[in-house]
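1. make a model of this:
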Amino acid sequence: MESLSSSLKKKATEQHYRAEVMIAGEQLRLRLHDGKLIKDRRFHLRTYPNCFVAKELTDWLVEHKDAPDRETAIRLMQKLMDHYIIHHVCDEHSDYKDAKLLYRFRKDDGTFPLSKDVKVFLRGQSLYEKLVSVEESILKVREENSVKYQRTFLGSEMIDWLIQEGEVGNRQEAVELGRALLEHGIIQHVSNRHHFFDSDILYHFWINFRRRRRLTELLNENSARALSESPDSPFCLRKLNPEPGNTSFLSVQTNKEIKVVSAVRRSSITSLSGNSNTYFSAPPTLVFPPVPECNPKSVLKRPVTTEELLSPGAPYVKKTLTIVGDAVGWGFVVRGGRPCHIQAVDPGGPAAAAGMKVCQFVFSVNGVYVLHLDYQTISSLIMTGPRTLVMEVMEAIE
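-> Numbering: from 1, shown residues only. Predicted coordinates for the structure are as follows:
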């Protein structure tokens, strides 16, 4: 049976560390939204949505004992910048400065890089949350060679579950998914000796996605040990109703409501098999995204009113789209209001496959007429609705 090579172990450890950085960064982002440090700010007569002042955040990190001093706080935030978690709002500074400069989490402006590594991470997180949320989970405490391991499962047991839940089409696809998760440091053979197989070999989730991270853990990059046995964190994402009155981005909620762009999607198992370039080419790494504008602009060439859309003889055609969502979304972003429009579409996502395009106007969501609603309300209808989304859109006739 195939044993893990030292190069594969090293790769999995590196990917595991990247995943820990992403989780720690996300937990920090949620706390900062909760504490109102992230908000819309004006500078030189311009409004920058969902950003924070670096100096204020440094103060906050030291005050809340997330960093022992300002120097450490700066190093921690620089680590998040290095992994493309945060950036200067206009990308004029490549390093984190303890000054009155505005920075923003990339998840809050849609520039977070959806690389192959990130998509495998999101798939692993989705499976983990699904497994720990059921009563009769296959994840159990098991013992091997007199050592107890948390969140363990047998390889064949996981494959049976993936097929049963419709996550994969057959056992071969399940093995390919398991191997991708192992190579990205999400699951691991309990003694780190074997790759993933359809057998009775014991594996466990190396990452405890719900554990509350300490930011200072990010400085231990050379340590392969994860503090995975700590209690679950309250910072686990749940899709809930958005906060009314927000002016910028879509809302989700943990303990309280926050703002976040919901433009990511779970990849298909075909992409994970290695036969597709849906993510990005090898070697796996986080790809630096295109330089964004300071504030995302509407894709519409000009404003369009509801009356214009509905007027007799208007140059618009109505289309019905049926979109089957992934575990983390449908692959598009809605913006504007009365009427709302499609601002962005993931080229490899479910929405694009169903025929969705940018600049289409949202007419109805699951049978509910929405031309008079703002995008926060429409986003709530989508996120709290069924996985299969039926949307009517209006598209300009060329």
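2. when you work out contacts or count neighbours from here on, use the C-alpha atoms and nothing else.
-> Will do.
3. what bits of the stretch 201-350 of the chain have low per-residue confidence?
-> The model of the stretch 201-350 of the chain has pLDDT under 70 over residues 221-296, 326-329.
4. mind listing what's buried in the helix or strand where Gln27 lies?
-> Under DSSP states H and E, the secondary-structure element containing Gln27 is helix 6-34. Within helix 6-34, the residues scored as buried using 16 or more other C-alpha atoms under 10 Å are 8-9, 11-34.
5. do the same with stretch 78-88
-> For stretch 78-88, by 16+ other C-alpha under 10 Å, it's 78-88.
6. rebuild the residues you listed as a markdown table, extending it with pLDDT.
-> Below are the buried residues of stretch 78-88 laid out as a markdown table (pLDDT from 0 to 100):
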| residue | pLDDT |
| --- | --- |
| Gln78 | 96 |
| Lys79 | 94 |
| Leu80 | 95 |
| Met81 | 95 |
| Asp82 | 94 |
| His83 | 92 |
| Tyr84 | 92 |
| Ile85 | 93 |
| Ile86 | 95 |
| His87 | 95 |
| His88 | 95 |
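7. so which of these sit within helices?
-> 78-82 (DSSP state H).
8. what helices or strands is the helix holding Gln27 leaning on?
-> Contact partners of helix 6-34 among helices and strands, from 3 or more C-alpha pairs under 8 Å, 6 or more residues apart in numbering; DSSP states H and E: helix 171-183, strand 257-259.
9. for the residue lying closest to Glu143 once chain neighbours are set aside, give me the pLDDT.
-> In this structure, Glu143 finds its nearest non-sequential neighbour in Tyr149, 6.1 Å apart by C-alpha to C-alpha, 6 or more residues apart in numbering. Tyr149 is assigned a pLDDT of 91 by the prediction.
10. what mean pLDDT does the helix holding Gln27 have?
-> In this model, helix 6-34 carries a mean pLDDT of 90.
11. try stretch 385-398
-> Averaged across stretch 385-398, the pLDDT comes to 87.
12. residues contacting it, please?
-> With C-alpha atoms under 8 Å, 6 or more residues apart in numbering as the test, stretch 385-398 has contacts from 309, 315-326, 359-367, 382.
13. drop anything exposed from these.
-> Buried members of the contacts of stretch 385-398, scored by 16+ other C-alpha under 10 Å, are 309, 316, 320-326, 359-366, 382.
14. okay, and the residue nearest to Ser298 when sequence neighbours are not counted sits in which element?
-> Among residues not flanking Ser298 along the chain, Gln343 sits closest, at 6.7 Å (C-alpha to C-alpha, 6+ apart). Taking DSSP H and E as the criterion, Gln343 maps to strand 340-345.
15. and that strand, C-alpha only, in PDB?
-> Taking C-alpha atoms only, strand 340-345 is exported to PDB below (Å, rounded to 0.1, in the frame of the first residue of the first chain):
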ATOM      1  CA  CYS A 340     -31.100  44.700  -8.700                       C
ATOM      2  CA  HIS A 341     -28.700  43.400 -11.300                       C
ATOM      3  CA  ILE A 342     -26.100  40.600 -11.600                       C
ATOM      4  CA  GLN A 343     -22.700  42.300 -10.700                       C
ATOM      5  CA  ALA A 344     -20.400  39.200 -11.100                       C
ATOM      6  CA  VAL A 345     -20.600  35.600 -12.200                       C
END
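16. could I get the helices and strands packed on helix 6-34 as TSV with distance to Arg211?
-> Output for the helices and strands packed on helix 6-34, formatted as TSV (distance: least, C-alpha to C-alpha, whole Å):
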stretch	distance to Arg211
helix 171-183	19
strand 257-259	20
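17. okay if I get those as JSON lines plus mean neighbour count and distance to Ile207?
-> Formatted as JSON lines, these follow (neighbours: other C-alpha atoms under 10 Å; distance: least, C-alpha to C-alpha, whole Å):
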{"stretch": "helix 171-183", "mean neighbour count": "22", "distance to Ile207": "11"}
{"stretch": "strand 257-259", "mean neighbour count": "23", "distance to Ile207": "25"}
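18. which of the ones you listed comes out lowest on mean pLDDT?
-> Here those differ in mean pLDDT, and the lowest is strand 257-259 at a mean of 34.
19. how close does Lys36 sit to Ile186?
-> When distance is defined by C-alpha to C-alpha, to the nearest Å, Lys36 is 32 Å away from Ile186.
20. correction: the previous question concerned Lys55.
-> 34 Å.
21. and if you look at Phe112?
-> 20 Å.
22. again with Asp34
-> Taking C-alpha to C-alpha as the measure, Asp34 falls 28 Å from Ile186.
23. restricted to helices, list the buried ones among the contacts of stretch 385-398.
-> Using DSSP H, the buried ones among the contacts of stretch 385-398 in helices are 309, 382.
24. residue ranges of the helices in the stretch 251-398 of the chain, please?
-> 269-272, 306-310, 350-354, 375-383 (DSSP state H, counting those that start in this stretch).
25. deepest in the core, which of those is it.
-> A comparison of these by mean neighbour count, using mean count of other C-alpha atoms under 10 Å, puts helix 375-383 on top with a mean of 21.
26. centre of the chain to it, how far?
-> The chain centroid and the centroid of helix 375-383 are separated by 18 Å under C-alpha atoms, centre = their mean, to the nearest Å.
27. kindly report the same for stretch 310-328.
-> Chain-centre distance of stretch 310-328: 26 Å, with C-alpha atoms, centre = their mean.
28. of Lys55 and Ile186, which one has the most company?
-> Ile186 (28 against 17; other C-alpha atoms under 10 Å).
29. what distance do you get for the more buried one to Val118?
-> Going from Ile186 to Val118 by C-alpha to C-alpha gives 12 Å.
30. kindly report the same for Asn208.
-> Per C-alpha to C-alpha, Asn208 is found 16 Å from Val118.
31. what do you get for Thr388?
-> Distance of Thr388 to Val118, given as C-alpha to C-alpha: 24 Å.
32. cool, Arg70 as well?
-> 30 Å.
33. who's more crowded, these two?
-> A count of neighbours by other C-alpha under 10 Å puts Val118 above the other of Arg70 and Val118, at 24 against 17.
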